[in-house]
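> give me the fold of what follows.
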Amino acid sequence: MRPLSATECIQPAIDRTKIFLFSPFRKGRTWKLCAASYACRFGSLYFPVPLLYLALIPTLGRSRSLVIALIVLFIAAFLVLFTWVFHLCSRLQFAYFDMLANRGEFVTPAWRKYREPALRWTFFKIATGSIFTAITAVPVIAWLRNVIPMLSHMKSAHASASAPEFAHTMAIFYTGYGLVVLLFGMGMLIFGLLGDFVLPSLALENTALSEAFRRMGLLIQQEPGEFALYVLLKTVLGLVGYFAAIIAWEIAFLIVSLLVGGVVLAVGFALHMAGVPAILLTILGVLLAIAWYGFAMYTMIFPVGIVITWMDAYALYFLGGRYPVLGDLLDGSTPPPSAPVLNVYAPAYPPPLPPTA
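Numbers count the residues shown, from 1 in each chain. Alright, predicted model coming up:
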């Protein structure tokens, strides 16, 4: 496979996404693959969310030692569960990489192939993610220690929404919030690139982490401009594709919700006129709302999974021409172009006449 530029990888990635997800199209199969790609994103950056609940402890005071002990125990158990789920999603990245590169349909066979490299990869991300969290926590905690007292003071003083003090506090709040989002986005970008260029060596050759990083560094050193363009295009096109897919889904889902909601309201009104108790109709309405919310989450997996699969395929084609082992896999799993249907006869040679009676 020849090396492709960052712009040349766009169309092959689209073609592979179509083939992988929709050839053949079966709703359950396509949803499973989209859901697997979506779950892989939870295994990118290790951010120990349960530790955020430690912020509750200073608000309890020293007199509630039992409550504090229970909270710490809950946080420890939640952290263990969170880390275990993170490892599962991290290992799923290997399985999904294998399926996308080989056009596989089943998760289980690919899942079983990568137990050892996935464990090393998870330990690395937990260690680096914890360090990243500790570093970013310092400015975040300093920001919170300044913003929370200011918000509490404004609440107690009943400051007007137009007061300069309120505007100053809101500016500090949103500036800090923007920095938090920026730091988290940078972490996702960095660890996403590691998944694009380090994980393939671990999956295909079970190399050491140091060798996989050496290969990534060598690629960046040899083609810095092309690598920068790849990062830019993947980020921009990924964000544009994500927002476009979500907006299209929201419009379609809103239209369907209005139609279904009108039918449900009509049926509910008819049942009410027929004498069905209001409490029973309320319970049925709540159950239908919960079911409809679950259906919304189910259908949202499709547009998000398509965009994520394209991003992963884009990374495969960019690296494939620069990593022969991966390039051979992509060539071997790419279907040949459809052969044109040829006329059996030459253009000037007429077909035989039907037999006469």
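
> tell me the helix or strand right after the least confident helix or strand in the chain by mean pLDDT.
Scoring the helices and strands of the chain by mean pLDDT, DSSP states H and E places helix 115-157 at the bottom, with a mean of 77. Downstream of helix 115-157, the first helix or strand assigned by DSSP states H and E is helix 164-197.

> helices or strands up against the helix or strand following that following helix?
Using DSSP H and E, the next helix or strand after helix 164-197 towards the C-terminus is helix 199-205. Here helix 199-205 touches helix 65-102, helix 115-157, helix 209-222, helix 324-333, going by 3 or more CB pairs under 8 Å, 6 or more residues apart in numbering; DSSP states H and E. (C-beta placed from N, C-alpha, C; glycine too.)

> quick one: low-confidence parts of the stretch 51-200 of the chain?
Applying pLDDT under 70 to the stretch 51-200 of the chain flags the ranges 52-64, 144-145, 147-169.

> for stretch 33-41, the distance to its chain's centre please.
Here stretch 33-41 is found 7 Å from its chain centre; the criterion is CA atoms, centre = their mean, to the nearest Å.

> what does it contact?
By CB atoms under 8 Å, 6 or more residues apart in numbering, the residues outside stretch 33-41 that reach it are 20-21, 89, 92-93, 95-96, 99, 105, 107, 301-302, 304-306, 308-309, 312.

> and those residues, which are buried?
Among those, those buried by neighbour count (16 or more other CB atoms under 10 Å) are 20-21, 89, 92-93, 95-96, 99, 107, 301-302, 304-306, 308-309, 312.

> pretty sure I75 contacts I68?
No - taking CB atoms under 8 Å as the definition, I75 is not a contact partner of I68, at 10.6 Å.

> who's more crowded, the two?
Neighbour totals were compared for I75 and I68, and I75 leads with 19 against 16 (other CB atoms under 10 Å).

> now for this structure: which helix has the highest residue count?
When the chain is parsed with DSSP state H, its longest helix is helix 224-273.

> packing partners for that one?
Packing contacts for helix 224-273, counted by 3+ CB pairs under 8 Å, 6+ apart, involve helix 164-197, helix 278-320.

> in CSV, list the ones you listed along with distance to L4.
Compiled in CSV, the helices and strands packed on helix 224-273 are given as follows (distance: least, CB to CB, whole Å):
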stretch, distance to L4
helix 164-197, 14
helix 278-320, 6
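
> number of nearby residues for A35?
So A35, with other CB under 10 Å, has 16 neighbours.

> helix or strand: which one has it?
helix 27-40.

> now do that helix: distance to the chain's middle.
11 Å.

> buried ones in it?
By neighbour count on 16+ other CB under 10 Å, the buried set for helix 27-40 is T30, W31, K32, L33, C34, A35, A36, S37, Y38, A39, C40.

> cool, stretch 179-195 as well?
Under 16+ other CB under 10 Å, the buried positions of stretch 179-195 are L183, G187, F191, G192, L193, L194, G195.

> quick check: the fourth one vs T235, distance?
As for G192, its distance to T235 is 9 Å (criterion: CB to CB, to the nearest Å).

> ok, the residue lying closest to M188 once chain neighbours are set aside - contacts?
Excluding its sequence neighbours, the residue lying closest to M188 (CB to CB, 6 or more residues apart in numbering) is L45, at 5.3 Å. Applying CB under 8 Å, 6+ apart to L45 gives the contacts K125, G129, F132, F184, G187, M188, F191.

> can you lay out those as CSV showing distance to V260?
Converted to CSV, those look like this (distance: CB to CB, whole Å):
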residue, distance to V260
K125, 42
G129, 42
F132, 44
F184, 36
G187, 40
M188, 35
F191, 40
